[in-house]
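**Student:** Curious how this folds, go ahead:
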Amino acid sequence: PAVDLGLDGEEGRGLGRSDGGRSTREAIEEAASEEFRPMLLLCCAVTFLSALDRVAMSVAILPMASELAFTETVKGEISAAVSYGYGLAIVPIGLAVSFASTRVLMSSGVLLWSLATLGTPWAAGLAASGGPLAPLLATRAVMGAAEAAVLPTIQRVLANWVPPGRKAGTLATVISGFQLGTVGAYVASPYLIDALAGLDGGG
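**Tutor:** Numbering: from 1, shown residues only. From the prediction side, this is the model:
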């Protein structure tokens, strides 16, 4: 079972000593540190994928706009839709984290933004064939709203699972996933776009 390590401040000062002269707090932190390693990898993967998924679209929008004849205004609306969704969802999700399951919120966010990403080409094709732009904007807004679950849930995980003395380094490690995902998207996206160009029958 998970060990709640919210021992900052006064809460952890009354802990006694365990066998061998080690404090109970030290023993708990050592055990929880072992348990947290898979969670650390998971959190890093979530931040990496979140940035990768979001930034890749900023690269893909250029050939997409050329192929589908999107105007500069439409490109701006598509790019802004993610921020609309994120901004509207971040506060409600932050409140939900205080009483709902962190695991459920995080997994639901990853699933939802993955589905929104998969639905983006279909929605873009619909707009390009003379259909409404609204489905594409809604798809991107849903993706932004789903990604709003990342930071609140990760902060809750770190607060509950990481020993107080290791929180700063762990937070830095997890947040670095955003930077690695951003760089990865900018590096890999052009190659993937070139490699996949024309597979759908386009140019």
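**Student:** can you list the weak-confidence ranges in the chain?
**Tutor:** Applying pLDDT under 70 to the chain picks out residues 1-35, 197-203.
**Student:** the helices in the protein, which residues?
**Tutor:** Taking DSSP state H as the test, the helices found in the chain are 24-68, 72-97, 102-128, 134-147, 150-161, 167-196.
**Student:** Now those helices in CSV, please, with extra columns for mean neighbour count.
**Tutor:** Glycine gets a C-beta too; all of them are placed from N, C-alpha and C. Formatted as CSV, the helices of the chain follow (neighbours: other Cβ atoms under 10 Å):
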stretch, mean neighbour count
helix 24-68, 17
helix 72-97, 16
helix 102-128, 17
helix 134-147, 22
helix 150-161, 20
helix 167-196, 15
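**Student:** Tell me which residue is most central in this protein.
**Tutor:** For the chain, Ser50 is the residue whose C-alpha lies nearest the centre (Cα atoms, centre = their mean; 3.6 Å).
**Student:** which residues touch that one?
**Tutor:** Neighbouring residues of Ser50 by Cβ atoms under 8 Å, 6 or more residues apart in numbering: Trp113, Glu147, Val150, Gly177, Phe178, Gly181.
**Student:** For Ser79, state which of these is nearest.
**Tutor:** Comparing these against Ser79 with Cβ to Cβ places Glu147 closest, at 14.2 Å.
**Student:** in terms of contact, does the closest one touch Tyr86 like I think?
**Tutor:** Yes. Between Glu147 and Tyr86 there is a contact under Cβ atoms under 8 Å: 6.2 Å.
**Student:** do you know how far the residue nearest to the centre of the chain is from Val110?
**Tutor:** Counting by Cβ to Cβ, to the nearest Å, the gap from Ser50 to Val110 is 8 Å.
**Student:** same check, this time on Ala141
**Tutor:** Separation of Ala141 from Val110 (Cβ to Cβ): 17 Å.
**Student:** just Val46 next, same as before
**Tutor:** Taking Cβ to Cβ, one finds Val46 at 6 Å from Val110.
**Student:** Kindly report the same for Ala127.
**Tutor:** The gap separating Ala127 from Val110 is 26 Å, by Cβ to Cβ.
**Student:** same thing with Ala81?
**Tutor:** Distance, Ala81 to Val110, using Cβ to Cβ: 19 Å.
**Student:** Ok, Ala69 next?
**Tutor:** Taking Cβ to Cβ, one finds Ala69 at 33 Å from Val110.
**Student:** How about Met143?
**Tutor:** Met143 is 11 Å from Val110, where distance means Cβ to Cβ.
**Student:** ok, and what's touching stretch 88-104?
**Tutor:** 105, 109, 141, 144-146, 148-149, 151-153, 155-157, 160.
**Student:** Now with 6 Å, please.
**Tutor:** Outside stretch 88-104, the residues within contact range by Cβ atoms under 6 Å, 6 or more residues apart in numbering are Ala145, Ala148, Ala149, Pro152, Thr153, Arg156, Val157.
**Student:** Pick the one among those closest to Ala60.
**Tutor:** Ala145 (20.0 Å).
**Student:** Confirm for me that that closest one is in contact with Gly85.
**Tutor:** Yes. Using Cβ atoms under 6 Å, Ala145 makes contact with Gly85 at a distance of 3.8 Å.
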